[in-house]
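>>> Need coordinates for the following:
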Amino acid sequence: MAERFVEDMHKQGWEYVERFGFKMTGPFPTVEPVMVHRPRTLSAGEMLAGVLAGKPFRDDGMDYAKPVLGLNMLEHWEYSLSAVFAHSQLLTEYPDPHEEEKG
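Residues are numbered from 1 along each chain as shown. Take a look at the predicted model:
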């Protein structure tokens with residue numbers, strides 16, 4: 001597994017720095033990604049009319065956290081593999097146009 005990681009990084013121009021070795025962490029529970037839909041946050045002005053009419057603004061009971069089973073109850077675990085790589089050129093990343101702040 002680690003050999004394929006080094007090969008893939010080498011294809012991108014990165015060289016593995018062997019003196020630091022590999023670090024594997026885990027096991028972590030496998031968590032399926034979920035799409036979280038946040039409700040629109042009302043402004044104070046939008047809430048004012050409701051508050052004056054006696055409408056309670058309470059938690060809707062939605063929970064954005066997903067419960068995860070303990071490691072002893074899982075069949076599938078994930079591990080994280082990390083290593084140090086160096087590149088012969090200085091690389092600079094520029095933000096994409098949609099990432100730039102509008103100001």
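>>> Provide the secondary structure category for the most centrally placed residue in the chain.
In the chain, the C-alpha nearest the mean C-alpha coordinate belongs to Pro33, at 9.6 Å (C-alpha atoms, centre = their mean). Classification of Pro33 using DSSP: H, G, I helix; E, B strand; the rest coil returns coil.
>>> Could you do Thr25 as well?
strand.
>>> any idea of the pLDDT on it?
The model reports Thr25 with a pLDDT of 84.
>>> Next, find the distance separating it from Ser82.
According to C-beta to C-beta, to the nearest Å, Thr25 and Ser82 sit 8 Å apart. Where you see a C-beta, it was placed from the backbone N, CA and C, and this is true even at glycine.
>>> for Lys23, same thing?
Counting by C-beta to C-beta, the gap from Lys23 to Ser82 is 5 Å.
>>> Then Ser88?
From Ser88 across to Ser82, the span is 21 Å (C-beta to C-beta).
>>> Which one's more surrounded, the two?
Ser82 (12 against 8; other C-beta atoms under 10 Å).
>>> Check the secondary structure at that one for me.
Look at Ser82: counting by three-state DSSP, its state is strand.
>>> Please name the residues that touch it.
Contacts for Ser82 (C-beta atoms under 8 Å, 6 or more residues apart in numbering) come out as 22-25.
>>> ok, and the most crowded of the residues you listed?
Ranked by neighbour count (other C-beta under 10 Å), the contacts of Ser82 have Phe22 at the top, with 14 neighbours.
>>> just checking, that residue touches Phe85?
No - look at Phe22 against Phe85 with C-beta atoms under 8 Å: they stay out of range, at 11.2 Å.
>>> tell me, what's touching these two both at once?
With C-beta under 8 Å, 6+ apart as the test, Phe22 and Phe85 reach no residue in common.
>>> circling back to that earlier point, for the contacts of Ser82, give me TSV that also has distance to Lys55.
Below are those laid out as TSV (distance: C-beta to C-beta, whole Å):
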residue	distance to Lys55
Phe22	58
Lys23	54
Met24	54
Thr25	49
